[in-house]
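Student: Sequence unavailable; structure follows:
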């Protein structure tokens, strides 16, 4: 049985969530907390398997509580939020950077037509995130970027890199921030990113990431051309592919589709169009989306990178790619950026030498 700690300053919301959780025999409410300070104490004493964490609370807020819990008694934390304007979502992604593993939309009241699907989605998220093995986050020395053996030995792309395709899921937003924030000022290779995230939070994530990079971040539309210096994000619940004329083709995922693989769809498209002139990157995430598509990219001559187990919140997707031998290199995020910067420098037209 999965033990859940509910953290919310609203008594009504706590009771509402208790009803949803108590109605499912897989779960048990391990305790309640009305503020961040109480949440930190209950995380230690109630020993929950997973925590639902509100953000806006008096005193210690959800972000501060998440940071404290991850430093003392780490537990998978799901940020539970109503949909807000993108520019107001900074604390959600700050909490994810501090160690929260997912964000979930608060279900509306029981009479609302969206209640059943959102309540079911919340329970499914609780079950999946309870399985995540989180680790204590303490200040520790981190090896300087570019010091791993793989980076020292390489790093030379096999050919000119014209596109970078990236896939991420659980734990992905903070890793994307790390990568984007460390790109060279002259970095120009276009990127296309598929990030699994709860519906309604993509625009907020893009807004948050935009503060970490000089590149242009956007959610493209069908027919839009791929441009240098741009980072494109797949729209929620859509597949994103690239046509032979280097324009985007975007179409909605059938909700009845049992196995949705938007990362592999992107990678497969890039393998077909760009072949060896591309780089594929598969980051932290649960499941196996992206593994098969990354193998297609590698088979076409592209360089393929996966995040290492030591830094991944969930090693599911990178691990599945490794099983398929779909990776060229296994690297931590900072070294992935070292590689991408190297690729961008070598892909630039070289100035003519004067004689």
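Tutor: The structure has been received and is ready for your questions. Values in this document were obtained by computation on a predicted structure and should not be read as measured data.
Student: Which pLDDT value belongs to residue 248?
Tutor: Note for residue 248: predicted pLDDT of 98.
Student: Give me the sheet partners of the helix or strand where it lies and which way each runs.
Tutor: Take DSSP states H and E as the rule and residue 248 turns out to sit in strand 248-252. Partners of strand 248-252 in the sheet, by DSSP bridges, are strand 238-242 (antiparallel).
Student: Look up how far residue 233 lies from the closest residue to residue 114 other than its chain neighbours.
Tutor: Once flanking residues are discounted, residue 114 sits nearest to residue 108: 5.6 Å by Cβ to Cβ, 6 or more residues apart in numbering. From N, CA and C alone the C-beta is placed, and that goes for glycine too. Taking Cβ to Cβ, to the nearest Å as the measure, residue 108 falls 26 Å from residue 233.
Student: got it, and residue 239?
Tutor: From residue 239 to residue 233 the distance is 13 Å (Cβ to Cβ).
Student: Surely the residue nearest to residue 114 is in contact with residue 117?
Tutor: No - with contact defined as Cβ atoms under 8 Å, residue 108 does not reach residue 117; the gap is 10.5 Å.
Student: who has more neighbours, those two?
Tutor: Counted by other Cβ atoms under 10 Å, residue 108 and residue 117 do not tie: residue 108 has more neighbours, with 14 against 11.
Student: Is residue 103 in a helix, a strand, or coil?
Tutor: Assigned with DSSP: H, G, I helix; E, B strand; the rest coil, residue 103 falls in the strand class.
Student: Who does it form a beta bridge with?
Tutor: What pairs with residue 103, by the bridge criterion (DSSP bridges), is residue 79.
Student: what about it, neighbour count?
Tutor: Per other Cβ under 10 Å, the neighbour tally for residue 103 reads 24.
Student: and it, what does it touch?
Tutor: 78, 79, 80, 81, 92, 96, 197, 198, 201 (Cβ atoms under 8 Å, 6 or more residues apart in numbering).
Student: mind checking pLDDT for the third one?
Tutor: The predicted local distance difference test score for residue 80 is 92.
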